[in-house]
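Novice: sequence? don't have it. structure:
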């Protein structure tokens, strides 16, 4: 079971297939909206949720473990951007390009969005090494799938590694 934790004991538990769908639809939205360093760091975190590489049933993260920024303004900007990403994903952004019907994705996205919306980044425990640093940000793009790539972690995006 893969678990994503939010504040106040909220969590999103998904089986392997559900997690794959969740990551896929988020990668599509993140890739469309990433502009700032924190965005690309979050994109790298998503690539680390790729079960084709990391292993099945062992991914997930806690919102409280992420470095949301040093100031209230930075933390609010990061949280607001992530909410925009989730809103874009909920519009089914590029879902027609998937090779499968993303069943349950909308429910997972709504649950995670509620977790992010309820989470106060000021309560995060910065200093943990969950969110990749700027040097490990996902800045490369997979030309074939038009999404942010898993470099520098491994060669290939979440769609490339699923094909192997």
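Specialist: Noted; the coordinates are in hand. As the structure is a prediction and not an experimental result, all values here were calculated from the model.
Novice: any idea how far residue 61 is from residue 34?
Specialist: Distance from residue 61 to residue 34, counting by Cβ to Cβ, to the nearest Å: 18 Å. To be clear about C-beta, it is placed using only N, CA and C from the backbone, and glycine gets the same treatment.
Novice: List the residues that contact the residue most central in space within the chain.
Specialist: In the chain, the residue lying closest to the centroid (Cα atoms, centre = their mean) is residue 46, at 3.9 Å. Residues counted as contacts of residue 46 (Cβ atoms under 8 Å, 6 or more residues apart in numbering) are 23, 26, 27, 30, 138, 158.
Novice: neighbour count winner among residue 61 and residue 34?
Specialist: Neighbour count, other Cβ atoms under 10 Å: between residue 61 and residue 34, residue 34 has more, with 22 against 18.
Novice: So the more buried one sits against residue 148, correct?
Specialist: Yes - Residue 34 is in contact with residue 148 according to Cβ atoms under 8 Å; the separation is 6.4 Å.
Novice: shared neighbours, the two?
Specialist: With Cβ under 8 Å, 6+ apart as the test, residue 34 and residue 148 both reach 40, 43, 138.
Novice: Could you rank those by neighbour count and give me the top one?
Specialist: That'd be residue 138 among those, by other Cβ under 10 Å, with 28 neighbours.
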